[in-house]
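S.K.: Next comes the sequence, and after it the predicted model I'd like to discuss.
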Amino acid sequence: MRPDDLNYTKEHEWVRSEGQEVTVGITDYAAEELGDIVFIELPEEGRSMSAGEPMGTIETVKAVEEVYAPVTGTILAVNHALIDSPDLVNSEPYGEGWLVRIAVESMEDAELMSASDYDAMVG
Amino acid sequence: MPVLWIDDGVQTGAANMARDHALWRGCEEGQLTAPVIRVYQWKPAAVSIGHHQSTEQLDFDALRRDKVSVVRRPTGGGAVLHDEELTFAVAAPLLRGERRETAKQAYAVVSDALVATLRSFGVDAKCRSDGRAQAQVCFSSTLGHEITVGGRKLVGSALRRGRRSFLIHGSILLGDGHCRLLEYLKEPGVDAATLRARCVDLGSLGVQPGRRDLAAALANALTASRGGKAVPLVGLPACTEPELALAKSPRVDF
């Protein structure tokens, strides 16, 4: 069972809401499917993002995958620990492997689902 | 759904990567709604590195000495010297809707078609079921879904996946010219004898398919698994400046 205090996206990201901020990562399902992550490219802090906009890439040994902003807002912080240790996303996807924190400007275009709905989607 | 294919001739490295990037963007943005196979070669020979691969490993003095350019792929994976090979790109919309094909599933679709294609040319190709990569030199190790003959790697591959589509690159070896890559890396992590022992090429197997034959056969093999028919593609989407700039980003000044 995945953390039920989080919301999830079709693009296999999780979103933790704390007031007007959200923390974003990728799910254990995505991390498992991706395999060993060797590089993560994240947006600059201060950048404005629209929900659904590509905000970075995750590279495994053989593949590059896009990561999308789940909400509209401004990048408050990126997880700099991932520069040296991208494998944290594999080992602790819901903890030390978080990707970015976003100051939310709008949830209007966000397409979020509950843990149970996400569980049903990935089967 | 048709599968489109094109023999795109011989191009520079930057043009090749920008054209593939444009194909993938066309699928990602919805202008291309059918899978497209582009088969091409490189002139002059060039090194390509993975999307995030560092240039620090490259021996730029040696590259300048031999006038070998370096390009950055939109896909992942390790370095390849593209010489004596047939290269293909498959750009395809994802077909599974909200449950997008995973990278492994996308690889599996293309690898199955590639095995069928190579067997139609008389090559006893097999799809590797597992393996771990030595990331720096693509042909020094074989991963799951990569193609081998007699346990030796024949086709190197790399992938990029977006929300709506994927792009897979494949290099089918025709000769052992790719082994010169080791001359352009500071610490390749593998020696030439080991690299040669781990790879096989179609030339040594007595098979030399043309670009057009490969493109058409691969398209036909893909239709076998996905339905539809193979149709020659006339014209490619135009490349954008950012796509060309990304391809040229590991710049080598001669």
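M.R.: That came through fine. Numbers count the residues shown, from 1 in each chain, chains lettered A, B, ... in the order given.
S.K.: In this structure B:Ser48 contacts B:Ala79, no?
M.R.: Yes - counting by CB atoms under 8 Å, B:Ser48 touches B:Ala79, with 7.0 Å between them. (C-beta placed from N, C-alpha, C; glycine too.)
S.K.: quick one: contacts for the residue positioned nearest the centre of chain A?
M.R.: The centroid of chain A falls nearest to A:Gly25 when counting by CA atoms, centre = their mean (2.8 Å). Contacts for A:Gly25 (CB atoms under 8 Å, 6 or more residues apart in numbering or on different chains) come out as A:13-14, A:89, A:93-94, A:97-99.
S.K.: Residue ranges in the chain under the pLDDT threshold?
M.R.: In the absence of a named chain, this looks at chain A. Segments of chain A classed as low confidence (criterion: pLDDT under 70) are A:1.
S.K.: Chain B is the one I meant
M.R.: Low-confidence segments of chain B, defined by pLDDT under 70: B:95-101, B:129-135.
S.K.: distance of the residue nearest to the centre of chain A from chain B?
M.R.: 18 Å (CB to the nearest CB, to the nearest Å).
S.K.: Name the nearest residue to that residue, ignoring sequence neighbours.
M.R.: A:Trp98 (4.4 Å; CB to CB, 6 or more residues apart in numbering or on different chains).
S.K.: can you count the residues close to that neighbour?
M.R.: 22 (other CB atoms under 10 Å in any protein chain shown).
S.K.: one step back: report the beta-bridge partner residues of the residue nearest to the centre of chain A.
M.R.: A:Trp14 (DSSP bridges).
S.K.: ok, back up a step: settle this for me: the residue nearest to A:Gly25 is touching A:Thr23, isn't it.
M.R.: Yes - with contacts counted by CB under 8 Å, A:Trp98 reaches A:Thr23, the gap being 5.3 Å.
S.K.: Report the contact partners of the residue nearest to A:Gly25.
M.R.: Counting by CB under 8 Å, 6+ apart, A:Trp98 touches A:23-25, A:79.
S.K.: Make CSV from those residues and add distance to B:Gly206 to it.
M.R.: CSV is the format used below for those (distance: CB to CB, whole Å):
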residue, distance to B:Gly206
A:Thr23, 58
A:Val24, 53
A:Gly25, 51
A:Asn79, 52
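S.K.: Please produce a PyMOL select command covering the buried subset of those.
M.R.: Selecting only the buried entries of the contacts of A:Trp98 in PyMOL, with 16 or more other CB atoms under 10 Å in any protein chain shown as the criterion:
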select buried, chain A and resi 23+24+25+79
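S.K.: The helix or strand containing B:Thr148 - which strands sit beside it in the sheet, and in what orientation?
M.R.: Counting by DSSP states H and E, the element that carries B:Thr148 is strand B:147-149. Using DSSP bridges, strand B:147-149 pairs in its sheet with strand B:125-127 (antiparallel), strand B:152-161 (antiparallel).
S.K.: ok, then the element right after the last one?
M.R.: So that's strand B:152-161. Assigned by DSSP H and E, the successor of strand B:152-161 is strand B:165-173.
S.K.: Which elements pack onto the very next helix or strand once past that following strand?
M.R.: Per DSSP H and E, the first helix or strand lying C-terminal to strand B:165-173 is helix B:192-198. Applying 3 or more CB pairs under 8 Å, 6 or more residues apart in numbering or on different chains; DSSP states H and E, we find helix B:192-198 packed against strand B:152-161.
S.K.: Now do the strand it packs on against strand B:165-173, angle only.
M.R.: 160 degrees (axes from the mean of the first three to the mean of the last three CA atoms, to 10 degrees).
S.K.: mind listing the strands for the chain?
M.R.: Since you didn't name a chain, this refers to chain A. A:7-8, A:13-18, A:21-26, A:37-41, A:48-49, A:54-60, A:63-68, A:72-78, A:100-106 (DSSP state E).
S.K.: Chain B was what I was after
M.R.: Ranges of strands within chain B are B:3-11, B:36-42, B:46-49, B:69-72, B:80-82, B:85-93, B:125-127, B:147-149, B:152-161, B:165-173, B:230-232, based on DSSP E.
S.K.: Tell me the residues of chain A that contact chain B?
M.R.: Contact residues (CB under 8 Å from any CB of the partner chain) of chain A with chain B: A:10-11, A:33-35, A:38-39, A:41, A:54, A:57, A:59-66, A:68, A:121-123.
S.K.: Buried ones from the residues you listed, can you make that a PyMOL selection?
M.R.: Applying 16+ other CB under 10 Å to the residues of chain A next to chain B leaves a buried subset, and the PyMOL line that selects it is:
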select buried, chain A and resi 10+11+33+34+35+38+39+41+57+59+60+61+62+63+64+65+68
